[in-house]
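Asker: Turn this into a structure:
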Amino acid sequence: MTGKFIETMKPKLVLWLAFVLSGGLCGCPIAPSQAQAATRTTAEGTWAKTLKTPWTDTKVVLYRADGQVVQLDAKEAVYTVWSTKNPENQHKPFDFPMAAFIDPATRNVWIGGVNTGQVETNEGIGNLTYTNLFVETHSQIVRADNVMYDGIIDWDESLIKEAQPGEGLERVIDQFDKATGGSLPFYQAQWEINVSSYFRDGFFSIKGWMHCSIEMQHIEISNGKLRLDFTSPAYKTKGSVWLDLNKGKVLKAIEYK
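Answerer: Numbering: from 1, shown residues only. As a prediction, this is how the structure comes out:
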């Protein structure tokens, strides 16, 4: 089911920021009428799971809505997952890497699927190493890759949003383990926004026509506004987008020429 991004849930803003250009660069901002909202997709189907690799200690970096960047204690594991509804997939289990942590300052939780640092080789770009980008809105923690494809940014919501007072991470994981039926654990709700229309044709491509993945080279949050910077493989120019972390909208996009 796809619909408008729910306002109380996640990334991308509705306030316009002033941006001062320096060093002689010329920016091309989008017009306010072009601002797009993200689309949100909820999980479908029913899935079963079994723990394949036990939960072990790890660390994660979290970008808080107020601009802080903190390293937090976390846990990671791998589950085996299979469909219980779709006969075609019923006997096709797959690995589902996961991470879980609590932000002690807000009690917001992340527990859900993650990437595991896979490497992708793109002609004309070189190797891209995927890492997890955890961002906290005013209401929850969401996750994206540090790489976007063809100008599309995908974000996942946590399977459990908040820890109760006095509830630790072990209790959150136990709650997830005991959940049966429904769409847990695959997929968690996901939203995406396509920023390609804010840039020249071919900006997110190789040689102007081959769609490709590109890395977010700089990530910054201030007052609930998320800024992402990247470079066009085709034109070698840099671009930036500003997203509202609570309203699910692009505030501003600039290509520096």
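Asker: Helices of the protein, residue ranges please.
Answerer: 169-178 (DSSP state H).
Asker: Just give me the longest strand of it.
Answerer: If you go by DSSP state E, the chain has its longest strand at strand 47-63.
Asker: That strand vs helix 169-178, what angle?
Answerer: Angle of strand 47-63 versus helix 169-178, following axes from the mean of the first three to the mean of the last three Cα atoms, to 10 degrees, is 150 degrees.
Asker: Show the low-confidence segments of the stretch 101-250 of the chain, by residue range.
Answerer: Across the stretch 101-250 of the chain, the ranges flagged by pLDDT under 70 are 121-126, 180-188, 208-209.
Asker: residue contacts, the most centrally placed residue in the chain?
Answerer: Closest to where the C-alpha atoms of the chain average out (Cα atoms, centre = their mean) is Ala144, at 1.9 Å. With contact taken as Cβ atoms under 8 Å, 6 or more residues apart in numbering, Ala144 is in contact with 132-133, 135, 153-156. Glycine gets a C-beta too; all of them are placed from N, C-alpha and C.
Asker: Any idea what Gln71 is bridged to?
Answerer: Under DSSP bridges, the beta-bridge partners of Gln71 are Val61.
Asker: burial measure for it, as a count.
Answerer: 9 (other Cβ atoms under 10 Å).
Asker: got it, and the one 3 residues further on?
Answerer: Around Ala74 there are 22 other residues, counting by other Cβ under 10 Å.
Asker: Tell me who's in contact with it.
Answerer: Neighbour list for Ala74: 57-60, 99-101, 110, 169 [criterion: Cβ under 8 Å, 6+ apart].
Asker: Now do it against Val195, distance only.
Answerer: Counting by Cβ to Cβ, to the nearest Å, the separation of Ala74 from Val195 is 29 Å.
Asker: ok, back up a step: next step: the contacts of Ala144 restricted to strands.
Answerer: Filtering the contacts of Ala144 for strands - DSSP E - leaves 132-133, 135, 153-156.
Asker: Buried among those residues? Make that a PyMOL selection.
Answerer: Those of the ones in strands among the contacts of Ala144 that count as buried under 16 or more other Cβ atoms under 10 Å are selected in PyMOL with:
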select buried, resi 132+133+135+153+155+156
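Asker: State the pair within the ones in strands among the contacts of Ala144 that is farthest apart.
Answerer: Asn132 and Ile153 (13.8 Å; Cβ to Cβ).
Asker: ok, the ones in strands among the contacts of Ala144 vs Gln175, which is closest?
Answerer: Closest to Gln175, out of all of the ones in strands among the contacts of Ala144 and judged by Cβ to Cβ, is Asp156, at 18.2 Å.
Asker: Take stretch 247-257, keep the C-alpha atoms, and write them as PDB.
Answerer: Output in PDB follows, covering the C-alpha atoms of stretch 247-257 (Å, rounded to 0.1, in the frame of the first residue of the first chain):
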ATOM      1  CA  LYS A 247       7.300  16.400   7.000                       C
ATOM      2  CA  GLY A 248       8.900  14.200   4.400                       C
ATOM      3  CA  LYS A 249       9.600  16.900   1.800                       C
ATOM      4  CA  VAL A 250      12.500  18.300  -0.100                       C
ATOM      5  CA  LEU A 251      13.100  21.900   1.000                       C
ATOM      6  CA  LYS A 252      15.700  22.900  -1.400                       C
ATOM      7  CA  ALA A 253      18.100  21.400  -4.100                       C
ATOM      8  CA  ILE A 254      21.100  23.100  -5.700                       C
ATOM      9  CA  GLU A 255      23.500  22.100  -8.400                       C
ATOM     10  CA  TYR A 256      26.700  24.000  -8.200                       C
ATOM     11  CA  LYS A 257      27.900  25.000 -11.700                       C
END
